[in-house]
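K.L.:
Return a 3D structure for these sequence lines:
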Amino acid sequence: MVYSKLQKKEGLSPVQSHIADYVLEHTDRVLTISMHELAESTNTSTATITRFCKKLGVEGYKEFQISLLRSVNVHMMMTEEQIIINEKSNEVELVDSIGTLQKRAITATQMLLTKELVSETIAEINKAENLYGVGISDSFISVHDFQNKLLKVSKFVRIAFLQPEQTFLCAQATPKDAAIIISYSGKSAEVVNACQILKKRGAKIIAMTSDESSPVGRLATHIIPLPPLREEDELVRTVFSYAAISYAINLIFASMYRFEYSKNQDYIVKIKDEYLNK
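P.N.:
Numbers count the residues shown, from 1 in each chain. So this is what the prediction gives:
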């Protein structure tokens, strides 16, 4: 997210860090002023502001303002009142807490996944000669879910159930292939290793992660951003990350499905009638 990049200032020059500080301190104003006005306010030039925007991963100033607004809204949502779940929580409280947590995860993910980003993701998937899926632990369950859903649009995602097998699987990738990586933290050693192999093989890496500056994020050629959760409670993190990942998977699946809606409907009905409903 643009907002977190501004806070971290990773890779920014002293001048760009100065602009970042101004943006963080005067966010509301920056969302409404022109590039020329921002340049004047930071004692820089419009060319410097353009380079600053590109350094943050956006092409131009207008896109920067849109991304900033979106990421600020996500940041505000993520810093709302903490949801507490512990041994004192009763069933009634859990019903409310889990529901609120999942709604927050889905809404925050909605804000991050733009039409352009989803379209680019689908284009990469459709262009790939072969698709690979990588993840560990809970994320692997999501990778398996993604594989299951893409089968319904006649796409097969190659996955391996054991980590050593994932290594051999990734080593088969070519520059014509793409891999879907799911890692909420973007730091899992096994997943980073798989990404390094895929990068070396020249395959496109589509990473679903909450940290674009993580090892996985830096290795990715395309990122599906997930809302970052600073909460250290493992139960809260597990429920939140799963809800965010599931929403992103369902959005990509539904977007692909609707392109050939009738064909996909007929295909699923045919498979069920011929092989399942007997």
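K.L.:
residue ranges of the helices in the stretch 151-278 of the chain, please?
P.N.:
Ranges of helices in the stretch 151-278 of the chain, per DSSP state H, counting those that start in this stretch, are 163-170, 189-201, 215-219, 234-259, 261-271.
K.L.:
E63: which of these is closest?
P.N.:
Closest approach to E63 among the helices of the stretch 151-278 of the chain (Cβ to Cβ): helix 215-219, 19.2 Å. For glycine as for every other residue, the C-beta is placed from the backbone atoms N, C-alpha and C.
K.L.:
Would you pull up how far that closest one lies from the middle of the chain?
P.N.:
12 Å (Cα atoms, centre = their mean, to the nearest Å).
K.L.:
List every C-alpha atom in it, with coordinates, as PDB.
P.N.:
The C-alpha trace of helix 215-219 is given here as PDB (Å, rounded to 0.1, in the frame of the first residue of the first chain):
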ATOM      1  CA  PRO A 215      11.000 -11.100   0.400                       C
ATOM      2  CA  VAL A 216       8.000 -12.600  -1.500                       C
ATOM      3  CA  GLY A 217       6.700  -9.100  -2.500                       C
ATOM      4  CA  ARG A 218      10.100  -8.100  -3.800                       C
ATOM      5  CA  LEU A 219      10.400 -11.200  -5.900                       C
END
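K.L.:
So for it, mean pLDDT?
P.N.:
Across helix 215-219, pLDDT averages out at 96.
K.L.:
cool, and stretch 96-114?
P.N.:
Here the average pLDDT along stretch 96-114 is 91.
K.L.:
tell me the contacts of H26?
P.N.:
S41 (Cβ atoms under 8 Å, 6 or more residues apart in numbering).
K.L.:
again, but for D177
P.N.:
D177 touches A128, E129, N130, L131, Y132, R201, A203, K204, counting by Cβ under 8 Å, 6+ apart.
K.L.:
returning to what we had before: so can I have CSV of the helices of the stretch 151-278 of the chain showing distance to R104?
P.N.:
Formatted as CSV, these follow (distance: least, Cβ to Cβ, whole Å):
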stretch, distance to R104
helix 163-170, 32
helix 189-201, 25
helix 215-219, 22
helix 234-259, 7
helix 261-271, 31
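K.L.:
Can you tell me which of the ones you listed is nearest to N73?
P.N.:
Nearest to N73, of all these, is helix 234-259, at 15.2 Å by Cβ to Cβ.
K.L.:
And the strands in the stretch 1-150 of the chain?
P.N.:
131-134 (DSSP state E, counting those that start in this stretch).
K.L.:
pretty sure T209 is touching V191, no?
P.N.:
No: using Cβ atoms under 8 Å, T209 is not in contact with V191, being 9.2 Å away.
K.L.:
For these two, list the residues in contact with both.
P.N.:
I181, S183, V216.
K.L.:
Which of these has the largest number of neighbours?
P.N.:
When neighbours are counted by other Cβ atoms under 10 Å, S183 leads these with 32 neighbours.
K.L.:
Quick check: the gap between the nearest residue to it once chain neighbours are set aside and V95.
P.N.:
Leaving aside its sequence neighbours, S183 sits nearest to V191 (Cβ to Cβ, 6 or more residues apart in numbering; 4.5 Å). V191 is 33 Å from V95, where distance means Cβ to Cβ, to the nearest Å.
K.L.:
Could you check which of the two has the larger neighbour count?
P.N.:
Counted by other Cβ under 10 Å, V191 and V95 do not tie: V191 has more neighbours, with 28 against 10.
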